[in-house]
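S.K.: Next one to model:
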Amino acid sequence: MIGSCDTWSSADAVGTGAEWSLRYTHDDDFLSISVFIPPSGRCAEAVRDVYAEIFALTGWSGYPDICRLWHYIGDINGANADGLETYRDFCVGRARAFEELRPPFGMPAATGVGSSGEGITVCVLATRAGRLTAIENPDQVPAYHYPTRYGPRPPSFARAGYLERAEGDVLFLSGTASIVGHETVHVGDLHGQLDRTLTNIRTVVGGPNLARHGVDGHFGLADFDRVKVYVRHAEHLPAVEAVCRAVFTGDPAVELVRADLCRSDLLVEVEGVIAVRGALPRVLRRADQPDRAGAPTLAQAPVVSAP
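M.R.: Numbers count the residues shown, from 1 in each chain. Next up, the predicted model:
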């Protein structure tokens, strides 16, 4: 698949607006924000400032909990003006925002992958509906505790987020890859990395791990309603697709995207959504599910893959 986008829709009235560098839309329960950071020799300061704006907007607009973040980063494995990898430069700015501003919701679920364009696009899904719990993986060091071998500041995200809401709970799985502890495993081995990635997902969404976080539930690969798979090399797409369609057996929307990843030794990364009880929020409907005629669009994420 050459390109990818997510379209989120709502059956409720949708409001739109702009504040600072942010564009946003919202319905009664969810706020969607998008912002573009232009390319530059160094991005940390701009990333920190954009996050400050995001935290401010979600706070004063009454959608205090950020349940999901996506980052589409141009030249993600390239070097900035100081020779620091672009992703690590990005992580410096993001970590500074969390350290200095300390938002009340804690670490959100997130994905950070390469983009075919320049600059950085950040997409945010925030909510005021329900209780949000950050989920970690006992087999992995929390990303925000990674050692400095991965950059001056660690990545700022949780492995998943669990949103309890009256209309039906939702589990947001962050971008997940072949990492044990804090190290990449099965370097150069596509099937080894994919197998470890799926093992990590099973661990994160399984009952014992959720119970550790105070969440009552037990899920597996067959419970996913949406799955997105980022693959570094185009020639690996058919093999990855075959495995994913064999293991995600609950008839989810499975989408594959060619994209560079946050570590140059990672070959595949998987994110997803589970609707735990009741229907998915309409902002997370599958693209192939018919929507109510005339339902307004809430937001659209950009194309993130390269030809």
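S.K.: any idea where the helices of the stretch 101-250 of the chain begin and end?
M.R.: 190-205, 207-212, 237-247 (DSSP state H, counting those that start in this stretch).
S.K.: Most tightly packed of those?
M.R.: Mean neighbour count, computed with mean count of other Cβ atoms under 10 Å, is highest for helix 190-205 among the helices of the stretch 101-250 of the chain, reaching a mean of 20. C-beta coordinates here come from the backbone N, C-alpha and C atoms, glycine included.
S.K.: who does it touch, helix- and strand-wise?
M.R.: Under the contact criterion of 3 or more Cβ pairs under 8 Å, 6 or more residues apart in numbering; DSSP states H and E, helix 190-205 touches strand 170-176, strand 179-180, helix 237-247, strand 268-275.
S.K.: What lies in contact with it?
M.R.: Residues from elsewhere that reach helix 190-205 (Cβ atoms under 8 Å, 6 or more residues apart in numbering): 135, 137-140, 159-160, 171, 173, 176-180, 185-186, 209, 219-221, 223, 236, 239-240, 243, 247, 266-270, 272, 274.
S.K.: List buried residues within those.
M.R.: 135, 137, 140, 159-160, 171, 173, 176-179, 186, 209, 219-221, 223, 236, 240, 243, 247, 266-270, 272, 274 (16 or more other Cβ atoms under 10 Å).
S.K.: most residues in a single strand of the protein, which one?
M.R.: strand 65-74 (DSSP state E).
S.K.: and it, which strands flank it?
M.R.: strand 109-115 (parallel), strand 120-127 (antiparallel) (DSSP bridges).
S.K.: closest to G151 out of these?
M.R.: With Cβ to Cβ as the criterion, G151 lies closest to strand 109-115 of those, at 12.1 Å.
S.K.: quick check: mean pLDDT across that closest one?
M.R.: Here strand 109-115 scores 97 as its mean pLDDT.
S.K.: where in the chain is pLDDT low?
M.R.: 1-9, 278-307 (pLDDT under 70).
S.K.: run the last query once more with 80
M.R.: 1-12, 103-105, 277-307 (pLDDT under 80).
S.K.: which phi and psi does the residue lying closest to L101 once chain neighbours are set aside have?
M.R.: The shortest distance from L101 to any non-neighbouring residue, by Cβ to Cβ, 6 or more residues apart in numbering, is to F55 (5.3 Å). Main-chain torsions, F55, degrees, to the nearest 10: phi -60, psi -40.
S.K.: F55: what's it in contact with?
M.R.: For F55, the contact set (Cβ under 8 Å, 6+ apart) comprises 97, 101, 103.
S.K.: Tell me how far it lies from P64.
M.R.: 9 Å (Cβ to Cβ, to the nearest Å).
S.K.: Could you do A253 as well?
M.R.: 29 Å.
S.K.: got it, and N137?
M.R.: For N137, the distance to P64 - Cβ to Cβ - is 25 Å.
S.K.: where does the nearest residue to A81 once chain neighbours are set aside fall, helix, sheet strand or coil?
M.R.: In space, and not counting its chain neighbours, A81 is closest to G41: 3.2 Å by Cβ to Cβ, 6+ apart. Under DSSP: H, G, I helix; E, B strand; the rest coil, the three-state class of G41 is coil.
S.K.: ok, how many other residues are close to V257?
M.R.: Using other Cβ atoms under 10 Å, V257 has 21 neighbouring residues.
S.K.: For T111, which residues are in contact?
M.R.: 69-71, 174-175, 230, 269, 271.
S.K.: Which parts of the stretch 1-150 of the chain are strands?
M.R.: Secondary structure of the stretch 1-150 of the chain (DSSP state E, counting those that start in this stretch): strands at 7-9, 15-19, 22-26, 30-37, 65-74, 109-115, 120-127, 131-135.
S.K.: Not counting sequence-adjacent ones, nearest residue to G93?
M.R.: Nearest residue to G93, sequence neighbours excluded (Cβ to Cβ, 6+ apart): V47, at 2.9 Å.
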